[in-house]
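Q: build the 3D model from these lines:
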Amino acid sequence: MYSVWLTAQQQQVWRKYLAATSLLQTAMHRQLQQDCELSLADYDVLVALSERGEQRVNELADTLGWEQSRLSHQIRRMRGRGLVQRRDSGDDRRGASVSLTDGGRTTLEKAAAGHVELVRTTVFEGLSPTQLEAFGEVLDAMLGRLAG
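A: Sure, this is the predicted structure:
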């Protein structure tokens, strides 16, 4: 039977994980704002569209793991800045598709170099190949349990 509390070691690792993810999110947001005036949410949408091409709104929401209402608000803001375009398909709002504009692609390309450098230096630099493999395995296990 499990204790209601984490062990001391689990608690220590958990707190480090929370601190690391919080600091990393803040650093990524700051870098994107400074380099190209993007939010991390903007960047996530641009990356998903660049990797998968035009997507239906509901598919993009699933890809990002977002609620559709959050994505709709995000797309509206990004359309206003010329980063994405939305095409309706009849009366079915779920049938609407979203794609990158040329401006969105250019902005993503500008943002990517700094973002990749930040991730490389803060997450991967200094890890041995064995540590990197173990890190990937831990994340795969977590994601598998979260997926159900």
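
Q: pLDDT at the spatially most central residue of the chain, what is it?
A: Central residue of the chain (Cα atoms, centre = their mean): Asp44, 4.3 Å from the mean position. In this model, Asp44 is scored at 96, pLDDT.

Q: which helix or which strand is home to it?
A: Element membership of Asp44 [criterion: DSSP states H and E] is helix 40-52.

Q: just checking, what packs against that helix?
A: The elements that helix 40-52 packs onto, with contact taken as 3 or more Cβ pairs under 8 Å, 6 or more residues apart in numbering; DSSP states H and E, are helix 8-36, helix 57-64, helix 68-80, strand 84-87, strand 97-100, helix 102-119. Glycine gets a C-beta too; all of them are placed from N, C-alpha and C.

Q: most packed of those?
A: Highest mean neighbour count of the helices and strands packed on helix 40-52: strand 97-100, a mean of 19 (counted as mean count of other Cβ atoms under 10 Å).

Q: hang on, the earlier thing: tell me the contacts of the residue nearest to the residue nearest to the centre of the chain when sequence neighbours are not counted?
A: In space, and not counting its chain neighbours, Asp44 is closest to Leu64: 5.9 Å by Cβ to Cβ, 6 or more residues apart in numbering. Leu64 is in contact with Asp44, Val45, Ala48, Leu71, counting by Cβ atoms under 8 Å, 6 or more residues apart in numbering.

Q: what sits against the closest residue to the last one other than its chain neighbours?
A: Spatially, and ignoring its direct neighbours in sequence, Leu71 is nearest to Ala61 (4.6 Å; Cβ to Cβ, 6+ apart). With contacts defined as Cβ under 8 Å, 6+ apart, Ala61 is in contact with Glu67, Gln68, Arg70, Leu71.

Q: distance check, the nearest residue in space to the first one that is not next to it in sequence against Arg70.
A: When you say that, I think you mean Glu67. Spatially, and ignoring its direct neighbours in sequence, Glu67 is nearest to Ala61 (6.9 Å; Cβ to Cβ, 6+ apart). Note on Ala61: its distance to Arg70, by Cβ to Cβ, to the nearest Å, is 8 Å.

Q: I appreciate the help and will end here.
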